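Asker: Following is a predicted model, sequence given first.
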Amino acid sequence: MNLRKAGWKLFSLRQDEYGFAIPLFMLYFFSGCFYSLGQIFTETLFLKTYGAQGLSRFFVYNGIALILSGTLYNLLLLKISMRRGYFLLIALATGIIALASRYAHTEYRWYVFSLYLANYLFTFFLDMHFFNFIYQYMTLRNSKRILPFLMGGGKLGGIAASALCFTIFARDISLYGFYMWAASGALLAIPVLLLRKRAAAAGAAPRAGGRELLPDLRIFERFARKIKLSYSSPIFTWSLLVVFVMSIVNQVSEYYFAHIFNAVFETKQELARFLAVYTFSADLVTLLLQLFLVSRLIKRAGVQASNYFYPGSFLAFITLAIVSPGILAGVALRFFRKNLGLLFRVPVFNIIMAASPRDRITEVKSFLTGIVSPLGMVAGGGILLLIYKKLPAEQGYALAIVTGCAFVALTFFQNRAYRKTLKKRLSLDLAAGARNPEYASYESLARHGVADGRSVRIMEAFFHAAPSLDLLNHLAPHFPSLSRRSKELMFGLLEGSRYEGADALAAAALADPDPLVRSLGLGHARGLAFTQREKLLAGYAPESAAERFARALLLSRPGDDGTGTRDADSRALAALTEIGGGVLSGALPPEEFVLLAQALPPVYATTGLLGLAKATGDGLFLTQLAVRAELLDRAQARRILYRYRHAPFGELAAFITRADSLTEIDRAILLDYRAAIPFEHMTAIFRFDEKTRDLILKRLLETRSFPQKSNYLNYLTSLEVKPVRAMEAFLDYEIDKTLYLHRLRDAFLAAVPQAYRDSIPVRFTADVFDSFRDLHKHLVLKCLAVLTGVDMEEVYDSNLLLKDRDLNNYILEYIESSGKVARRALALLEREETAPAPGESLSCADASEIAAALASLSGYFAPHLARPLRACAGAIRAYICDGPAGPGGEEQEMLSLVEKMVFLKENTLFRELQMDELFHIAQITGEMDLPRDKDLIREGTMGDELYILAEGEVEVYTRGKSLAKLGPGSCIGELSIIDTEPRSASARTTKKSRLLFIQRRDFLLTLRDNPAISINIMQVIAQRLRKMIAS
C-alpha cells in the first residue's frame, strides 16, 4: 500500500507533514476529550441549577474573568516558549480540577457557577494556546489542509468522551465526573512531550521570550501597544470587529439552545444522557466532515466564500428557531455553537490571520482571543439580560437577526481586507531596491556637496532617472567627467528653456574629445543669434573636414561672399551627400555625418539619415532621427522602427514617442520582434487602442512563440486592460497545454529503457519538457496579472531566486482568492513531480517520435531549440532504438552543443535558466582539454575567463599551500571575472581534465539578462567562505 497516496487521498496530508501532523492530531484528540468531558459535566450541573436565564449573568462574569486571564496570558505565557506554556496550562487546569473535587458535595450555589466558569477558562486558553502552538509547524497554504484534519482529532476525542458520559455519567455524574475530567487533562502532556522541536514555517524557531514572569510598571503601556497593533493593518481591524460580534452571536445561540433543552429535559440524568448522545452523534458527523470533506470544501470554495458559512448558518438556524422553536431548532443552534465553528470558523479564521504580517500575528491573535472575545462575551451577557428580562420574545428574535446581519456585513469587510493584505504582500517596490541608502533624494546629496567622483556618480543616477534644470545646475561644474548619456540629457533640457549657463556648457562640449559631444555643441550654436554664435565658436578648433565645413556654415551670413542662401544650401547638401557616401563606403566614421547634420536645420539631413540608417543600422543615426521624427511620414517611420527593432529601448522609445505618424498598430510591431519588453517600457510607448487590443487578443490564441505571447500579456497588463472572457479562454488553453506537456514528458520517459534514461539526448529532451512547462506557467502567471492587477510573474520570479517560503504561500493564496478561473492555475503551481510509471504499451520508437514532436512544437514556441531536439530524436532512434547508422557531421556538432547545455543546466550557476537561454550561453562557451599538472590560472594575473570543470580534477593553491581540490561541476575564476582584480590563487590540473570557459565580456552580458546567475554566484562564494571559516 502506498502510504503517501493514501494519506493524501484520505486526509490531504503529504508525507513530509506526518512528523508533526500526527502528534498534533493526538494533542487535539486529548484536548477534545478534555473539552467534552468538562462541558457535559459542568453544563449539566449549571443548567439544572440556574437554568438558561443564568447564562446572562454567567457570560458577564465569564467575560470579565477571560479579560483578566487573557491579560495574564499575554503578559506571562507569551514570554516563555510555547511548549513550556503548554505544560504550565495543563498543570494549572488539572490542579484546579483536583482541588475542586474535594468540595464535590458542597451545598454552595457558587460552587457550580465557579465550576462552569473554570471549564470555560480551561477550554478557552488551552484552545487559544493550541493554535498559537501549531503555527510553528504550518504555513499559510498547508494550514488549509491540515487544520480540518487536526480539528477532526478534537471531535474524535469528543466522541470518546461522550461515550464515557453515556455509560458512566448518566448513572452518577457527580461521582465520576471529576476523575475523568482531570485524567483527560493530564493526558495532554503526552503528545506535547512527543513533539520534537521543528523549525518554524518561516524559518524561525518557536517563540521564546524573556523569563520575567511578573508584570511590571509598563503593563498599561504594553496593553496600549496591543490595541494600537490591532489597528496597524486593515485585516487586524476588521478581524477585531468580527471577533467581537461573533462572541455576541455565540452567546445568543447558546442562550436559545439552553432555553430549549432545559425546558424539554427535566432531570440531570435525562439532560446528561441527551447531551452525551448528541455529542457523540454531532462529533462523529463533524469528525467525518473534518477528516474527509472540509479541507476540500474550503479549497474548492475558497477562503472568502468559506468565511460566510458560519455567519450565514447563524441566520438560517435562528430563523428556524423563530419559525419552529422546538428540539430541532435547539439541536441546530447547538451544532452551530459547538461544531460548526470548529468545522469552518476556526480553520478559516486562522488561515485569514496567517495572511497578516507574521511578526505581529501571535500578539494580535492573543489580543483578539484573550481580550476582544471576552469583551464580546460581556456585551453578549448584557444582550441576553435584555432579551429575557426587558424584551418580548418577538423583539428578542429581531435583535438576534440584526446581530447576525451585522456579523455577515463585517465578514464581507474582513474578506476584502484579507485580499488586500495578500495583494499588498505581493506588491514589489522595485524602486526601493535601487535607492541609495545614504541619500534618499538629490536634495540631501546637494546639501552635503557634489565634490568627489562618488557623489557625482550618484547625482548622475538621479539625473538619469528624472532630468531637471536643478540637477543640471549641480552637475554643470563637472561636465568634462560626466558620461555621454548625461551630456545628451543636458542638451535635451536646454532646448526650449532659458538656462544662464547654456553657452558655457556648449563651449565645454565643443572642447570635448568625443565628436558626438562636440556635435551637441554645434547643434546648440545653430540656435543662437549670429553674434552669440560667433562668440561661442571663436575658440573652437575643428578637428575634421566635417567640423570645418560645419563651422564655416555657422559663421557665414547670406551675401557675405556674393552668394545667396540658395547657394549655401546647395553647398551644405553637397557636403552631406559627399560625407554620406564616405560613411557608406567605410572611408569615414558615422560621427562625421552627425557633426555636419547638427549644424544644419533638421530638414536638411533627414533624407541622408534615412538612407544611412537603412543601410548601416548604426545607433547614431537612430538618435539623430529621433530629433527629426515628427518630419517623417508613416512609411518612413515604420521602416526605421523595423530597422531598429532590436536597438536599446531607451533610444527606440525616444524615436517612437516623437514619431506622431506611427499608429498604435505600427508600434505593436515591437511585440513580435523584441525578446522581452519590460513593463515600464510598455507604459512609456503604448497607449490604449481598441483595434490593437482586439488584434493582440486574437494573436494570443494563435500559434506564437513564448516571447511574443509574453509581450502581448505585458501589453494588456501595462494598459490595465482586463478582457475577462478572452483571458479565461487563454488561461484554460495554457493550463491544458501545460498538463498535456506533463503527460507527454511522462510518456517519453516511460518509453525509454531504464538503462538509457541517463543518456545526454534523453536528459536534454526531458529538460526541454520541463523548460516548456515552466514557460507556459509564466504565461499563466502573466494572464493572472492581467486579471488581478498584480505582476504575479515578477513576484514568482523573485521567489524562485530568494526561495521565500512565505512569499510562495502568499502568491498561491492570492491566486486562490482571485476567483474560480484563477484557481485552476493552482493545479500547476502546487503540482508535485512524480516518477513516471513504467510504460507497458510504449516502445523506444515512441520515445523518438515524441522527441520529434517536441522539436516540431519548438519550431514556433522556442525556435532555437528545434535543431537540438531533432538531433536528440535522431540520436535516440540511432543509438537506443537500434535504428539507422550514427548521426552525420552537422548532427554530431549539434549533439556536442546539447551535451554542453545539459552540463550547464546541472551546474550551480546556471540551474535556474531555461533551455532556450542556455542555448545562447552554450554557443559562447569554449571547450578545452588539459593534461595532468597543467597550470590553468596563476595568482596575481588578470582574469578574463570563467572556467567550469567538466571532467577531471583541479587543485587550487596559493604560495605553495593547497586550498582545495575541485571536481566536475566546480567553477574557477568567478571572482576575478566580476571585480577585474588579479587572481587571488593559482589552479592546476591533477588529472587529465576537460573544461568549459566563458569570456568575461560574454559572461557579464549574460549576468545582465539573467539575475538568477548573480544569486547563484553569491551562494557559491558563501559556501566557500563557510568552508574557509570552518577550517
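Answerer: Received, thanks.
Asker: Let's verify Leu949: helix, strand, or coil?
Answerer: strand (DSSP: H, G, I helix; E, B strand; the rest coil).
Asker: Pull the contacting residues for the closest residue to it other than its chain neighbours.
Answerer: Distances taken as CB to CB, 6 or more residues apart in numbering place Ser970 nearest to Leu949, at 4.9 Å, with adjacent residues excluded. All C-beta atoms are positioned from the backbone trio N, CA, C, and that covers glycine. Taking CB atoms under 8 Å, 6 or more residues apart in numbering, we find Ser970 in contact with Ile948, Leu949, Val954.
Asker: same deal with Met901?
Answerer: Per CB under 8 Å, 6+ apart, neighbours of Met901: Phe764, Asp767, Pro868, Met915, Leu918, Phe919, Ala922.
Asker: Give me the contacts around whichever strand or helix holds Ile383.
Answerer: Following DSSP states H and E, one finds Ile383 within helix 373-389. Residues outside helix 373-389 that contact it (CB under 8 Å, 6+ apart) are 52-53, 55-67, 70, 243-252, 255, 396, 399-400, 403.
Asker: Using CSV, list the CA coordinates for it.
Answerer: Taking Å, rounded to 0.1, in the frame of the first residue of the first chain, the C-alpha atoms of helix 373-389 are listed here in CSV:
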residue,chain,number,x,y,z
SER,A,373,-13.5,38.0,22.6
PRO,A,374,-14.2,38.2,26.3
LEU,A,375,-15.4,41.8,25.8
GLY,A,376,-17.8,40.4,23.3
MET,A,377,-19.0,37.9,25.9
VAL,A,378,-19.7,40.7,28.4
ALA,A,379,-21.7,42.5,25.7
GLY,A,380,-23.4,39.2,24.9
GLY,A,381,-24.3,38.8,28.5
GLY,A,382,-25.9,42.2,28.5
ILE,A,383,-27.9,41.4,25.4
LEU,A,384,-29.1,38.2,26.9
LEU,A,385,-30.2,40.1,30.0
LEU,A,386,-32.1,42.5,27.8
ILE,A,387,-33.7,39.6,25.8
TYR,A,388,-35.1,37.6,28.7
LYS,A,389,-35.9,40.5,31.1
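Asker: Tell me the buried residues in it?
Answerer: 373-385, 387-388 (16 or more other CB atoms under 10 Å).
Asker: Could you find the lowest-pLDDT member of those?
Answerer: By pLDDT, Tyr388 ranks lowest within the buried residues of helix 373-389, coming in at 67.
Asker: want to throw the contacts of Met901 into a markdown table with pLDDT, distance to Lys992 and secondary structure?
Answerer: Converted to a markdown table, the contacts of Met901 look like this (pLDDT from 0 to 100; distance: CB to CB, whole Å; DSSP: H, G, I helix; E, B strand; the rest coil):
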| residue | pLDDT | distance to Lys992 | secondary structure |
| --- | --- | --- | --- |
| Phe764 | 90 | 25 | helix |
| Asp767 | 90 | 28 | helix |
| Pro868 | 89 | 28 | helix |
| Met915 | 84 | 30 | helix |
| Leu918 | 83 | 26 | helix |
| Phe919 | 85 | 29 | helix |
| Ala922 | 86 | 23 | helix |
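Asker: Switch those residues over to TSV; also include neighbour count and distance to Leu164.
Answerer: Output for the contacts of Met901, formatted as TSV (neighbours: other CB atoms under 10 Å; distance: CB to CB, whole Å):
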residue	neighbour count	distance to Leu164
Phe764	25	64
Asp767	18	60
Pro868	24	70
Met915	27	63
Leu918	26	66
Phe919	20	70
Ala922	22	71
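Asker: quick check, nearest of those residues to Leu271?
Answerer: Leu271 has its nearest neighbour among these in Asp767, at 68.7 Å by CB to CB.
Asker: which SSE is the nearest residue to Lys338 once chain neighbours are set aside in?
Answerer: In space, not counting the residues next to it along the chain, Lys338 is nearest to Ala282; the distance is 7.0 Å by CB to CB, 6+ apart. Secondary structure assignment for Ala282, by DSSP H and E: helix 268-289.
Asker: returning to that earlier point: sort out which one of the buried residues of helix 373-389 lies nearest Asn711 for me.
Answerer: Ser373 (51.9 Å).
Asker: Relative to Arg345, how far out is the closest one?
Answerer: 12 Å (CB to CB, to the nearest Å).
Asker: what do you get for Thr1006?
Answerer: Counting by CB to CB, the gap from Thr1006 to Arg345 is 53 Å.
Asker: Just checking, which helix or strand of this protein averages the lowest pLDDT?
Answerer: helix 430-434 (a mean of 37; mean pLDDT, DSSP states H and E).
Asker: Local confidence estimate at the closest residue to Leu284 other than its chain neighbours?
Answerer: Excluding the flanking residues, the one nearest Leu284 by CB to CB, 6+ apart is Ile159, at 5.5 Å. On the pLDDT scale, Ile159 is placed at 74.
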